[in-house]
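Student: A structural model of the following input is requested.
(chains A, B, C and D)
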Number of protein chains: 4
Amino acid sequence: MNYTSGYREREGGKVFFIHHRVRYADTDKMDMVYHGSYIPMLEAGRVDTLREIGWVYEQMEKNGILLPVVDLKLKYLVPARYDQVLRIESHVLERPTARLKFSFSIYQEETRLVQAEVCLAFVDEESGSPTRAPQGLIDSLEENGLIHP
Amino acid sequence: MNYTSGYREREGGKVFFIHHRVRYADTDKMDMVYHGSYIPMLEAGRVDTLREIGWVYEQMEKNGILLPVVDLKLKYLVPARYDQVLRIESHVLERPTARLKFSFSIYQEETRLVQAEVCLAFVDEESGSPTRAPQGLIDSLEENGLIHP
Amino acid sequence: MNYTSGYREREGGKVFFIHHRVRYADTDKMDMVYHGSYIPMLEAGRVDTLREIGWVYEQMEKNGILLPVVDLKLKYLVPARYDQVLRIESHVLERPTARLKFSFSIYQEETRLVQAEVCLAFVDEESGSPTRAPQGLIDSLEENGLIHP
Amino acid sequence: MNYTSGYREREGGKVFFIHHRVRYADTDKMDMVYHGSYIPMLEAGRVDTLREIGWVYEQMEKNGILLPVVDLKLKYLVPARYDQVLRIESHVLERPTARLKFSFSIYQEETRLVQAEVCLAFVDEESGSPTRAPQGLIDSLEENGLIHP
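Tutor: Purely as a prediction, here's the structure:
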């Protein structure tokens, strides 16, 4: 089985999704996914979304822009279970300035399990100071319809 | 070196703290603690706080009460670094009803690195339905001065 | 980008591979994959290999057979780096009896990074005792050419 | 409750131990500690052993010596359970040359749960080449009786 990724139309606009199969490593003794195990799935979701529109995060780093997480919110609606294939949907909430605000929904089939927001800061590696989002990145997000509330 | 725990007076009231030394396992290639690595520290903080006032979570489970996380918020203020000894301070934000709202601050010496809130739900294991916090737990939290905004 | 899986011919026989993209979550401050982060990749490799030949581990569990890991060996040859797409190749070392011995190689393109062996035990859930591998599983592994040293 | 560390006499010689309380984060749906969750415990065990005898790994790194893991072996004897306090005992198997071979036993009270060996390589950070163990480190290990099979 291959784990696909792609775009999907949602009410508010387009989202980009990836898949993740739940592993034993993700679960805890309550027989569900440990609440911390969703964090790397969100990371994978946003990095692959940026890659899809031509912005490889690893390349941004080499160009001296870091993107640390400054703020994280998760709501756990329904537990995910072992071996389920989860679909992580990502989009950006508003036009990035010095910050990049991602919204995520994690689904198992058509059931929404988790809702999350992650805010990242653009930081100039050399100075360690906040910096503005590259204009090209803003344009790519807009052209692909990925910015909406 | 031993990792101690105990109470500490804060402006709003008392908090209970534990310590965690940052491991390679907690770090990422940005040479700081990965943003997801704080989640198990928060878990350790609240479970040891409850243990301190006589409520062993494992025992609550055996008595049929589960406490899944329903909501999580983290703010990352200053990066934690490898080998630092972090102090995780915990208290409860309001008198628990069917929910238990923990507030956490993670410090390295007197620098606050992370601020977090975690909301847990009391769930009756048999029925799977929300249930009220045990009165004894509410009393223990109050007697120990651990409930404050 | 989709993460594919499939068979590949190796000198000793066939292997089944999956892919994993290295995340920040997998790395450590030495700017490489943390040595413990390969463990869930091996888990994913063997579970997907069994699924491919018709043995869904989750179903085996429901049928009362557990497969805990009893023994693990890893050799780290070359560090894996952030954002690399790793290929985890799996096969079985010998005809399973009460144990199932997997061999793994993790590659980045044609460079072998990690070599690993994981031994699992078939355990009857009810009695907690070791049990023999299901004959159908042995047959499936053999028919697919996945058993070789 | 405080988590203590210290020396203990074993048949073959002295070991240094630390404690770790099992968290939900460490467990999996088989209601035991996930086999990969022991890896950070071993890391904590060996780093704290070196610290105890005056060798702070973080300082060694600043002096240009890295210690990546090259080889790892674990045997899982008895499952560890949620909320247990585990004792991780560490010693060194032979006089270090360019490699440092640690042996570990993880106990819950007097029951041995896991036996492990981890081999690390001394690497000169600048050249990336293997290098010899600092003589002072060898001496400290010997003086403290921590080298034995």
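
Student: got the end-to-end distance for stretch A:26-38?
Tutor: End-to-end span of stretch A:26-38 (CA to CA, to the nearest Å): 8 Å.

Student: and the contacts of that stretch?
Tutor: A:22, A:25, A:74, A:76, A:79-82, A:106, A:114, A:116, B:36, B:39-40, B:43, B:66, B:68-69, B:72, C:40, D:24-25, D:27-29, D:31-32, D:82 (CB atoms under 8 Å, 6 or more residues apart in numbering or on different chains). Every C-beta, even on glycine, is put in place using the N, C-alpha and C of the backbone.

Student: so how far is it from its chain's centroid?
Tutor: 19 Å (CA atoms, centre = their mean, to the nearest Å).

Student: got the end-to-end distance for stretch A:27-37?
Tutor: End-to-end distance (CA to CA), stretch A:27-37: 8 Å.

Student: in it, what's buried?
Tutor: A:Thr27, A:Asp28, A:Lys29, A:Met30, A:Met32, A:Val33, A:Tyr34, A:His35, A:Gly36, A:Ser37 (16 or more other CB atoms under 10 Å in any protein chain shown).

Student: backbone dihedrals for the spatially closest residue to A:Asp83 that is not a sequence neighbour, both of them.
Tutor: Counting by CB to CB, 6 or more residues apart in numbering or on different chains, A:Asp83 lies nearest to C:Glu58, which is 4.2 Å off, once chain neighbours are set aside. Backbone geometry at C:Glu58, expressed as degrees, to the nearest 10, gives phi -60, psi -30.

Student: could you do the one 4 residues further on as well?
Tutor: Comment: the main-chain dihedrals of C:Lys62 come out as phi -60, psi -30, following degrees, to the nearest 10.

Student: hang on, the earlier thing: was I right about the residue nearest to A:Asp83 contacting A:Gln84?
Tutor: No. Between C:Glu58 and A:Gln84 there is no contact under CB atoms under 8 Å: 9.2 Å.

Student: so what's A:Arg87 up against?
Tutor: Counted by CB under 8 Å, 6+ apart, A:Arg87 has contacts A:Phe17, A:Ile18, A:His19, A:Ile106, A:Tyr107, A:Gln108.

Student: find the helix or strand that the first one is a member of.
Tutor: It refers to A:Phe17. For A:Phe17, the element it lies in under DSSP states H and E is strand A:13-21.

Student: sheet-wise, list the partners of the next helix or strand after that strand with their directions.
Tutor: Using DSSP H and E, the helix or strand that follows strand A:13-21 in sequence is strand A:27-28. Sheet pairing here is set by DSSP bridges, and for strand A:27-28 it gives strand A:32-33 (antiparallel).

Student: let me see the mean pLDDT of the strand it pairs with.
Tutor: For strand A:32-33, the mean per-residue pLDDT is 98.

Student: thinking again about what came up before, measure how the strand holding A:Phe17 sits relative to strand C:13-21, angle-wise.
Tutor: Taking axes from the mean of the first three to the mean of the last three CA atoms, to 10 degrees, one finds that strand A:13-21 is oriented at 140 degrees with respect to strand C:13-21.

Student: could you pull out the helices in chain A for me?
Tutor: A:38-52, A:57-62, A:135-143 (DSSP state H).

Student: ranking those helices by burial, who's on top?
Tutor: Across those, averaging neighbours per residue (mean count of other CB atoms under 10 Å in any protein chain shown) puts helix A:38-52 on top, at a mean of 23.

Student: flag the shaky bits of chain A, pLDDT-wise.
Tutor: A:1 (pLDDT under 70).

Student: centre-most residue in it?
Tutor: Nearest to the mean C-alpha position of chain A, counting by CA atoms, centre = their mean, stands A:Arg46 at 3.0 Å.

Student: verify the contact between that one and A:Glu89 for me.
Tutor: No. Applying CB under 8 Å, one finds A:Arg46 not in contact with A:Glu89, separated by 11.0 Å.

Student: common neighbours of these two, please.
Tutor: Here A:Arg46 and A:Glu89 share the contacting residues A:Phe104, scored by CB under 8 Å, 6+ apart.

Student: which parts of chain A sit against chain B?
Tutor: Residues of chain A lying near chain B by CB under 8 Å from any CB of the partner chain: A:30, A:32, A:35-36, A:39-40, A:43, A:66, A:68-76, A:79.

Student: switch the cut-off to 6 Å
Tutor: A:His35, A:Gly36, A:Ile39, A:Val69, A:Val70, A:Asp71, A:Leu72, A:Lys73, A:Leu74, A:Lys75, A:Tyr76 (CB under 6 Å from any CB of the partner chain).

Student: what's the most distant pair in those residues?
Tutor: A:Val70 and A:Tyr76 (21.4 Å; CB to CB).

Student: these two: which is more packed in?
Tutor: A:Tyr76 (22 against 18; other CB atoms under 10 Å in any protein chain shown).

Student: and chain A, which of its residues are near chain C?
Tutor: Residues of chain A that fall close to chain C, judged by CB under 6 Å from any CB: A:Asn2, A:Tyr3, A:Thr4, A:Arg23, A:Tyr24, A:Ala25, A:Pro40, A:Glu43, A:Ala44, A:Glu58, A:Asp83.

Student: quick one, what contacts A:Ser105?
Tutor: A:Glu89, A:Arg112, A:Gln115 (CB atoms under 6 Å, 6 or more residues apart in numbering or on different chains).

Student: name the nearest residue to it, ignoring sequence neighbours.
Tutor: Using CB to CB, 6+ apart, the nearest residue to A:Ser105 is A:Glu89, at 4.8 Å.

Student: same check on A:Glu43?
Tutor: Using CB to CB, 6+ apart, the closest residue to A:Glu43 is C:Arg23 (5.4 Å).

Student: do the same with A:Arg46
Tutor: For A:Arg46, the closest residue by CB to CB, 6+ apart turns out to be A:Phe102, at 5.0 Å.
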